[in-house]
Structure formats: C-alpha cells, structure tokens
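**Student:** sequence unknown, structure follows:
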C-alpha cells in the first residue's frame, strides 16, 4: 500500500491534467443540443478505463445516453466490487453568476472550478485512477467492475432496464459510489442515508393568448398570479407541507437518533455566513441538520411566464409554469407522492384557469446499514487515511438508482463520497478541492483491501 502512495505522488500532475480535460467536455444530459458532447464524454471515460488496465470496456447504447462498462476479473473466487458513477452534468445556468466559464476549468485556492468538478466527474474519476494505481503496483486484491452512466442528472431512466437486462454482467458483492460528501476535510463522514425525489412540472393556462394588462387586467385570471398563490399555499406558516396525506408514511426518527445526529460538528453562523443569509429557514420544530436529512421538503426549482425581457411590456400572460421537487424520506414512495401532489394541485385551481401537472423523474429514499462488512471496510479505510474515525451521516440529496440496485442486484451500496457541501454542486462556481481529489484516490484502495479481508474472514 505504501507503493500506491508513492505512485500517486509521482502521478498527481498527470491525473489532474486528465481530470481537467474531462471537465472541459460539456456533457449536459438534460439538453439535446449537447448529445454529441455527451457521447464524446463516454468515449473519454472508456479510453481512461482502458488506459488504467480495465478489460472488456464497452460503450453500451441506450435509448438515451450511453453507459460505459468495464471490468477486471483477477479471480472468480474473490469478491467483486462494482463502482458506479456518472459522467453527465447539470446545466450550468445562470452563466452570468460564474466567475469563470463552467467548461473551462481553473484552479484557484487549491480547488478546481468547473461544472462537474465534484458532481460527479471528479469523484468518478478518482475510482479510475485508484484502480489504475492498484493495477500498476499489482495491488488489486479483488475483482472490480465499472458502470458509469450519462443520465443520472435526468433520472437514470435507461439505467434501470440496462441493469435488468445485464444482471449477470453486473453481478457483484457490493456497490461503491462516490457521489456524496463529507462533513469537512478535518471531520470525515460516510453517508448512510439518502432522501428520495419526486420531480413535477406544472402549467397554468388562462386566456387563449397574452393580453393587454390595462384592457383586461382585473377581469381575467392572470396565470402567473394564480400559480404564485397556488404554490404559496403548499406550505403553511410553519413551513409544513399542506398536501393531504403527504406525511402519512414519513419515518419517525427516535429521540436518541436525532440527538446523535445533532452531535455532528455544525456551526450555524458559519452556515449562514457561507450562504450570505441573515437567518436559516425551514420546518418548525427541527434543526438544520434534521431538516436537510430526515425531513421531506417541497421546493420550487424554477418558475416562469409572461414577459421577462429588458424593459417593460404590460402583458397579462396566457400561461405560467413551474418546476417543483419534493425530497422524500424513508417509507415515502415517489409514485404515491407524485399522485398526491397532482390531485391536490389540480384541486387548488380556480375555474378561471386550467392546470396540467406532469410527473418527471423520481426515486426512492434509502438508508444503508452501519453494521455491515461494507460499512466497516469503508470506515476503516477513511480512518486509515484521515487519521479519524468517520461519522455516519444521512444526506439530503438523492441517488435514485441506489435502492434499485439492492432490489435488482441484491447487494448493498457504500456511499463513500469525498466532496463537501460547500462544493456548489448544481450551482454556479462548482468546485472540488485538490485535497479531496487526491485523498479519494489514496483512500479507495484501502476500501478494496479491507473489504476483501473482511469478506474472506
């Protein structure tokens, strides 16, 4: 293992330059205009897997963007680790809030600034380089498979049938994912839970065309006004979601677990200062750490309608739109919540408008065990390289494929992320620390080592 550390040190610049090339490709899965760039990114991933020594590398076509697969089977009697990641990224909008172009990565203050730096190109790339290190030093202790997809940011819809159709190819003992974060560089943690997701789009239609707001204002329902009122009614004065039945299946977390959760290092003033807000905001009766992990939420992700160009145009718009996401907690079901939302939102509309509700992608919440061999191996690996035992922590984010993996492949997942909550994922000026990138490459081989030893008894 000491050879691996020396090898990493000798190859740091090479790995960094390769990552920068990876980040330059605008692999935006949500925008069809970038289809060729997404395909080019899949080629980049496949090439790096081959260069690392991975065999049977394939770019597997789907009805959407391709999935990259590869493996290295050294002994069928040894355990197999399946590494999952994604090479697609979120749209970079709003571009004017970036300090540097999102697909022209820059290094500043020991951090890489670019779209996808942390989510998930930088973290997925760590695994390729970690396995490359192990293979170069004859130190891979078990079998490894890679499955890196191009549609995670749009719901992974084509990954589901791919997994169903390729159970034998993907057969493994554990799935390893780095698409999560740690508490801090000096306070390592391992994610043990993820919230689910129900993502909706709503359309409110009033008159059959945009109208002059002076001639018709006050006599015709304004879809933007009405949509705003409908959305506002979805939460009460305590920021409690008002959709009937929404909380019926929400997991009741014990007082003991809530107490342990709030013992994690957290400075509310630093939190506010980092976001430049005067006060925190959320559901009454819960702390910030609880609100972002064990409580469901409802947020407007975008809202538009009418005239938004420069200057003034006195128009009463014909239509208004919003995109709304709900983060879910254990025992909630995304399909059920989507139906509850649709039924309730339609009931809020006055007769002066028509409402159309569309459910986009969703995913189920998951909690991973902390008493498994997989978690113990991850904990040992982090403690080895960070010098501290990691804190188990539930995350507020969603990785919809995780519960599906357990259902279809019958194995548990380890969420061994090396990012930070301050990495600005999905936001302008996304970044990923050089410390985190290199520490991930250093730590991942120890997971392979300890997991293999524990698995073999």
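**Tutor:** Noted; the coordinates are in hand. Everything numeric here is computed off the predicted structure, so don't read it as measured data. Numbers count the residues shown, from 1 in each chain.

**Student:** and stretch 394-407, how far from the chain's centre?
**Tutor:** 9 Å (Cα atoms, centre = their mean, to the nearest Å).

**Student:** What are the contacting residues of it?
**Tutor:** 84, 152, 155-156, 159-160, 163, 175, 177, 179-181, 191-197, 261, 292-294, 327, 361-368, 411-413, 415 (Cβ atoms under 8 Å, 6 or more residues apart in numbering). From N, CA and C alone the C-beta is placed, and that goes for glycine too.

**Student:** now those residues: which count as buried?
**Tutor:** Neighbour-count burial (16 or more other Cβ atoms under 10 Å) applied to the contacts of stretch 394-407 gives 84, 152, 155-156, 159, 163, 175, 177, 179-181, 191-197, 261, 292-294, 327, 361-366, 368, 411-413, 415.

**Student:** Out of those, list just those in strands.
**Tutor:** 84, 175, 177, 181, 191-194, 196-197, 327, 361-363, 366, 413, 415 (DSSP state E).

**Student:** quick one, strands of the stretch 351-457 of the chain?
**Tutor:** Along the stretch 351-457 of the chain, counting by DSSP state E, counting those that start in this stretch, strands occupy 354-363, 366-367, 391-394, 413-415, 419-420, 431-433.

**Student:** Mean pLDDT added to the ones you listed, as JSON lines?
**Tutor:** Formatted as JSON lines, the strands of the stretch 351-457 of the chain follow (pLDDT from 0 to 100):
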{"stretch": "strand 354-363", "mean pLDDT": "94"}
{"stretch": "strand 366-367", "mean pLDDT": "90"}
{"stretch": "strand 391-394", "mean pLDDT": "92"}
{"stretch": "strand 413-415", "mean pLDDT": "96"}
{"stretch": "strand 419-420", "mean pLDDT": "96"}
{"stretch": "strand 431-433", "mean pLDDT": "98"}
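
**Student:** TSV for the ones you listed, including distance to residue 224?
**Tutor:** TSV is the format used below for those (distance: least, Cβ to Cβ, whole Å):
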stretch	distance to residue 224
strand 354-363	13
strand 366-367	37
strand 391-394	37
strand 413-415	40
strand 419-420	37
strand 431-433	35
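
**Student:** Can you check which of those strands gets nearest to residue 97?
**Tutor:** Of all those, strand 431-433 sits nearest to residue 97, with 13.6 Å by Cβ to Cβ.

**Student:** Residues in contact with the closest one: which ones?
**Tutor:** Around strand 431-433, the neighbours that count as contacts under Cβ under 8 Å, 6+ apart are 110-114, 117-118, 122-123, 185, 419-420, 423-424.

**Student:** List only buried entries from these.
**Tutor:** Using 16+ other Cβ under 10 Å as the burial test, the contacts of strand 431-433 include 111, 112, 113, 114, 117, 118, 122, 123, 419, 420, 423, 424 as buried.

**Student:** Which one of the residues you listed is nearest to residue 312?
**Tutor:** Nearest member of the buried ones among the contacts of strand 431-433 to residue 312, counting by Cβ to Cβ, is residue 424, at 33.7 Å.

**Student:** And the strands of the stretch 351-457 of the chain: which comes nearest residue 456?
**Tutor:** Comparing the strands of the stretch 351-457 of the chain by Cβ to Cβ, strand 413-415 comes nearest, at 17.4 Å.
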